[in-house]
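Trainee: need a structure here:
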Amino acid sequence: MTWVAHLVDIRTGQLGAQLKIADKGTWTKPLGGIEDWSVTVHRDQLREIPPEWRLPWRAGTLMSWQQRDGTLSPWLLGPITDLPKEDRDADTATFPCKGVGELLSKRLLMARDYGADVNSVSAMRDLAESIVRFEGVSYGTMMRDMVELSMRRVGGTLPISFGTPRETGSDLYEMTYYGYNLANNDLWKLLGERSGLLKGPDFAFRPKFREDEENMVEWELVTGTVAQRTIAQTWAMDLDTTASDSPIAKVSPSSDASNITNRVWWTGAGEDEGTLIRMAGNDGMLEAGFPLMEMVGSSSDSENPSLLNSKAAAAVLNGSAPLQQLTIEVDGSDRRAEIGRWQVGDYANVVIGDDDWLHVPGTRGQGRRYKIISAKGGWGEQVTLEFQEALL
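Mentor: Residues are numbered from 1 along each chain as shown. Model (predicted):
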């Protein structure tokens, strides 16, 4: 059991040379965020590889966990984001890499491709007057449609598939984006905003081999649904922090109460007294003796009152209690917690001792559902997981 690295053609998903990992390195994988990792290889090997296979943004890396039977579980896939940092004494080169979100943050949501008509007056006017409208679809389906639109543009092709069925219906959601609002139409930002709404779904771009093509890899976009905000899973990890025979190496709780708020104001489009404003509050906290604590959020490009309501309500819900997390370090080679069997965004059943912590309630010997919100590690077996108790 070990890690395996390959070079990848980012636009096609074609695997290139397998790299010999020369250093432990590091990686992080947050839910709804952009993965980050580095891989160090010997320069002698790179000298034998055509330069185009290691060019920033054109090329990337795939990091896979190799199971006991030799099967590879793709774990991280994304572009090389800079020229390698070279160590002449060690004769190594270290590539910095990011997840696909880093690439999508360099794309804009547009109704069509306007790049072919360079600075054409009519084309730029058409862009400014264009509208992208989603109607009668779930937020997860909006995300999918946004990504598909970006891939229809010249040079926009990426190896992305979609693992969550489309959801449509007249009682679902609508959203409108305006072509003139270029500064706010960053594709990755828009995906995060849909997820951050009160009923917004979790989402992830998970690497996988294509069906019957093990030399081709792709990202699979998976999202939560209207019925279930979290991403569907087929297996749940069981972690008993009280057991001596356990894949757990270390447990520690943490909290952050800076998020506490009981009244949120959210501003939208408009200027001066014409600014659109909506508010959400938690009167129950005031009645329980908490002082008034306010915050202000802004979506300066939005003319949608329901969107502002949803964002304010989500902020109030998130501010109703301190953010509490459990940090659990596990042996990622142990079958009970093996890398690839679980994913960031999954729920795990966690048993906590009744007298272990002052502010983390015990589970009375039963498993309680906690969601994995991030994972990090190196090119070894130990993995550090961050958990939050499941509220929804």
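Trainee: make it CA atoms for all contacts and neighbour counts henceforth
Mentor: OK.
Trainee: Okay, helices next: where are they in the stretch 151-300 of the chain?
Mentor: Applying DSSP state H, counting those that start in this stretch to the stretch 151-300 of the chain gives helices spanning 187-195, 283-287.
Trainee: Please name the nearest non-neighbouring residue to Ala236.
Mentor: Ala348 (5.2 Å; CA to CA, 6 or more residues apart in numbering).
Trainee: so of the helices of the stretch 151-300 of the chain, which one's packed in deepest?
Mentor: helix 187-195 (a mean of 20; mean count of other CA atoms under 10 Å).
Trainee: Pipe the helices of the stretch 151-300 of the chain into CSV and attach mean pLDDT and distance to Tyr114 per row.
Mentor: Shown next, in CSV, are the helices of the stretch 151-300 of the chain (pLDDT from 0 to 100; distance: least, CA to CA, whole Å):
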stretch, mean pLDDT, distance to Tyr114
helix 187-195, 96, 16
helix 283-287, 94, 49
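Trainee: okay, those helices in CSV with distance to Asp245 next?
Mentor: Shown next, in CSV, are the helices of the stretch 151-300 of the chain (distance: least, CA to CA, whole Å):
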stretch, distance to Asp245
helix 187-195, 38
helix 283-287, 42
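Trainee: contacting residues for the residue nearest to Ala236?
Mentor: By CA atoms under 8 Å, 6 or more residues apart in numbering, the contact set of Ala348 is Ala236, Met237, Asp238, Leu239, Arg368, Arg369, Tyr370, Lys371, Ile372.
Trainee: try 7 Å this time
Mentor: Residues near Ala348 by CA atoms under 7 Å, 6 or more residues apart in numbering: Ala236, Met237, Asp238, Arg369, Tyr370, Lys371.
Trainee: For the helix or strand it falls within, what is the distance to the chain centroid?
Mentor: In this structure, Ala348 sits in strand 347-351 according to DSSP states H and E. How far strand 347-351 lies from its chain's middle: 21 Å, per CA atoms, centre = their mean, to the nearest Å.
Trainee: List the beta-bridge partners for Gln325.
Mentor: Ser254, Gln388 (DSSP bridges).
Trainee: what sits against it?
Mentor: Pro253, Ser254, Ser255, Glu386, Phe387, Gln388.
Trainee: Restricted to buried residues, select those residues in PyMOL.
Mentor: Entered in PyMOL, the line below selects the buried ones among those, by 16 or more other CA atoms under 10 Å:
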select buried, resi 386+387+388
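Trainee: picking that back up, following the chain past the strand holding Ala348, name the next helix or strand.
Mentor: Next element after strand 347-351 (DSSP H and E): strand 368-377.
Trainee: My guess is Val100 contacts Gly78. True?
Mentor: Yes - between Val100 and Gly78 there is a contact under CA atoms under 7 Å: 5.3 Å.
Trainee: the more surrounded of the two?
Mentor: Gly78 (30 against 24; other CA atoms under 10 Å).
Trainee: tell me the mean pLDDT over stretch 176-186?
Mentor: Averaged over stretch 176-186, pLDDT sits at 92.
Trainee: brain fart, stretch 148-158
Mentor: Stretch 148-158 comes out at a mean pLDDT of 95.
Trainee: Same question for stretch 42-60.
Mentor: On average, stretch 42-60 scores 96.
Trainee: Name the residues of that stretch that are buried.
Mentor: So stretch 42-60, judged by 16+ other CA under 10 Å, has buried residues His42, Arg43, Leu46, Trp53, Arg54, Leu55, Pro56, Trp57, Ala59, Gly60.
Trainee: With stretch 235-249 instead?
Mentor: Ala236, Met237, Asp238, Leu239, Asp240, Thr241, Ser246, Pro247, Ile248.
Trainee: ends of that stretch, how far apart?
Mentor: 22 Å (CA to CA, to the nearest Å).
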